[in-house]
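A.B. asks: here you go, sequence then predicted model.
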Amino acid sequence: MSSPSSSVTDAEYPVWDRYVRIVHWYLPLAVTVMWWSGEQGRMDIHQWVGSSLLCVVAVRMIWGFIGSEPARFTHFLAPPLVVWRYLRRGGEYAGHNPLGGWSVMAMLSVLLVQSASGLFSRDDLLFEGPFSYWASDISGAVTEWHLINWQVLQVLIALHLLAVAWYQWRKRQPLIQAMWSGKAGYKVSTKPPRPLWLAFLLLMMAAVGLWGLITIAPQAPSYY
């Protein structure tokens, strides 16, 4: 019979907390809707989803510092030598492997740039971002970068899907199931996850802050 202290010490928790899993499944949905709305000229939907994406990714970045241990950047961003060693020898990790960790960081960074730059973009015809007149002198350059960054994002998405397919079916690592249940086979976390309410509180703060900035942002000049 184990003692109370040993049962606490040996406690096992899911590798991926609920906020990380929610973000993981929300991102492809949001990107798909943004692509569709952009193609169809539904810029009202495009702006709303883009704004929500900005808040979600920004909080995920904060979560990388204060979230559950496997979600923290210090846990999965490895030095270049470790990445090189992984490429040569492989290995299994509780959470992202050294290469996967940097791919996650790249994806989050590009998504952050994409959603933030959209707020400053305008095409003088169908869309004017809520901050486009806050930095009107660079709005054209930001709009161009928004389009270029979209191409970069598509490449990263394609590489991500190929990598997931490789690990899922070739190496028999259930990555898809892990991002649904939080459990990565026999790999577990020994520390309890941060509560979901904390992530939602941060999301609410981000949403209110963004709404406040949009409210006070200068509007398009009126000529009538």
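C.D. replies: Cool, got the structure.
A.B. asks: okay, CA-based contacts and neighbour counts for the rest of this
C.D. replies: OK.
A.B. asks: and the helix ranked longest in the chain, average pLDDT?
C.D. replies: Secondary structure of the chain per DSSP state H: the longest helix is helix 139-165. Taken as a whole, helix 139-165 has an average pLDDT of 93.
A.B. asks: and Phe76, how many neighbours?
C.D. replies: Other residues near Phe76 come to 23 when the count uses other C-alpha atoms under 10 Å.
A.B. asks: next, give phi and psi for it.
C.D. replies: Dihedral pair for Phe76: phi -120, psi 0, per degrees, to the nearest 10.
A.B. asks: once you drop chain neighbours, what's closest to it?
C.D. replies: Nearest non-adjacent residue to Phe76, counting by C-alpha to C-alpha, 6 or more residues apart in numbering: Gly101, 5.1 Å away.
A.B. asks: so the one you found sits against Pro80, correct?
C.D. replies: No: judged on C-alpha atoms under 8 Å, Gly101 makes no contact with Pro80 at a distance of 11.5 Å.
A.B. asks: more neighbours, those two?
C.D. replies: Gly101 (18 against 12).
A.B. asks: and that one, its phi and psi?
C.D. replies: Phi and psi for Gly101, reported as degrees, to the nearest 10, are phi -60, psi -40.
A.B. asks: next: Trp35.
C.D. replies: Torsion angles, degrees, to the nearest 10, at Trp35: phi -60, psi -50.
A.B. asks: and it, how far is that from Gly41?
C.D. replies: With the distance defined as C-alpha to C-alpha, to the nearest Å, Trp35 ends up 10 Å from Gly41.
A.B. asks: ok so, going back, so who does the residue nearest to Phe76 touch?
C.D. replies: Phe76, Leu77, Ala78 (C-alpha atoms under 8 Å, 6 or more residues apart in numbering).
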